[in-house]
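A.B. asks: sequence unknown, structure follows:
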């Protein structure tokens, strides 16, 4: 998909994912352009609302801490399709690995790919004009992250990039962005536990997202 015109006038943009997207968002009705949490979803919304005040843009956040791709798929109707977004931005994958190494409750890569693909296909079936932004799952080499995670996360990134191409989505290269960032400051500066970004990390995510989307 061409990046030009991805977020059009009167668009509703929905952010989906796990705790990195959730980031303490409001559960109290999650009003439009409010209750977006303390992370990249809010920073992106703030940047676009400030830059485009006449465009009647709307932003929603339905990220849920701890979610794996199967959890995202389980709430596809209530938290995605029923909201009728014009643009759907998804960041998912790290818990599919983390929950396996932490409690043997992860999602194997082949199932991750299958469920993710089915999720995107079902959303497009109900919302044929929807535009997808698929964000690369990432980890930094510090905190809870161990070397055992790396190969599996590499596979999840490959799957996400493959699905972005398959569905004509914008792909946001968060891992390569953070790989470059750690040359400027240590990994913990960007994500203290290796998974959850600091405010500086969220700001770099915002910049990468806006660049990829073309805003």
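C.D. replies: Now that the structure is in, tell me what you want to look at. Fair warning: this is a prediction, and the values are worked out from it, not measured in the lab.
A.B. asks: pull the number of nearby residues for the closest residue to residue 56 other than its chain neighbours.
C.D. replies: Of all residues not flanking residue 56 in the chain, residue 10 sits nearest, at 4.7 Å (Cβ to Cβ, 6 or more residues apart in numbering). The C-beta positions use only the backbone N, C-alpha and C, and glycine is treated the same way. By the criterion of other Cβ atoms under 10 Å, residue 10 has 9 neighbours.
A.B. asks: from residue 87, how far off is residue 10?
C.D. replies: To residue 87, residue 10 is 12 Å away according to Cβ to Cβ, to the nearest Å.
A.B. asks: next: residue 17.
C.D. replies: Computed as Cβ to Cβ, the residue 17 to residue 87 distance reads 14 Å.
A.B. asks: so the two - more neighbours on which side?
C.D. replies: Ranked by neighbour count (other Cβ under 10 Å), residue 17 and residue 87 place residue 17 first, with 27 against 20.
A.B. asks: partner residues bridging the more buried one?
C.D. replies: Beta bridges link residue 17 to residue 91 when assigned by DSSP bridges.
A.B. asks: tell me the contacts of residue 204?
C.D. replies: By Cβ atoms under 8 Å, 6 or more residues apart in numbering, the contact list for residue 204 reads 177, 178, 181, 190, 197.
A.B. asks: residue 195 versus the third one, what's the distance?
C.D. replies: It refers to residue 181. Note on residue 181: its distance to residue 195, by Cβ to Cβ, is 15 Å.
A.B. asks: quick one, strands of the chain?
C.D. replies: Using DSSP state E, the strands found in the chain span residues 12-17, 58-61, 87-91, 131-135, 170-172.
A.B. asks: mean pLDDT and distance to residue 6 added to these, as JSON lines?
C.D. replies: Below are those laid out as JSON lines (pLDDT from 0 to 100; distance: least, Cβ to Cβ, whole Å):
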{"stretch": "strand 12-17", "mean pLDDT": "98", "distance to residue 6": "9"}
{"stretch": "strand 58-61", "mean pLDDT": "96", "distance to residue 6": "14"}
{"stretch": "strand 87-91", "mean pLDDT": "98", "distance to residue 6": "6"}
{"stretch": "strand 131-135", "mean pLDDT": "98", "distance to residue 6": "6"}
{"stretch": "strand 170-172", "mean pLDDT": "98", "distance to residue 6": "6"}
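A.B. asks: let me have those strands in a markdown table, extended by distance to residue 153.
C.D. replies: A markdown table is the format used below for the strands of the chain (distance: least, Cβ to Cβ, whole Å):
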| stretch | distance to residue 153 |
| --- | --- |
| strand 12-17 | 15 |
| strand 58-61 | 24 |
| strand 87-91 | 13 |
| strand 131-135 | 13 |
| strand 170-172 | 16 |
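A.B. asks: closest to residue 149 out of the ones you listed?
C.D. replies: strand 87-91 (16.5 Å; Cβ to Cβ).
A.B. asks: can you name every helix or strand that the closest one contacts?
C.D. replies: In terms of contacts (3 or more Cβ pairs under 8 Å, 6 or more residues apart in numbering; DSSP states H and E), strand 87-91 is packed against strand 12-17, strand 131-135.
A.B. asks: for the longest helix belonging to the chain, packing partners?
C.D. replies: Longest helix in the chain by number of residues (criterion: DSSP state H): helix 147-166. In terms of contacts (3+ Cβ pairs under 8 Å, 6+ apart), helix 147-166 is packed against helix 94-103, helix 109-126, strand 131-135, strand 170-172.
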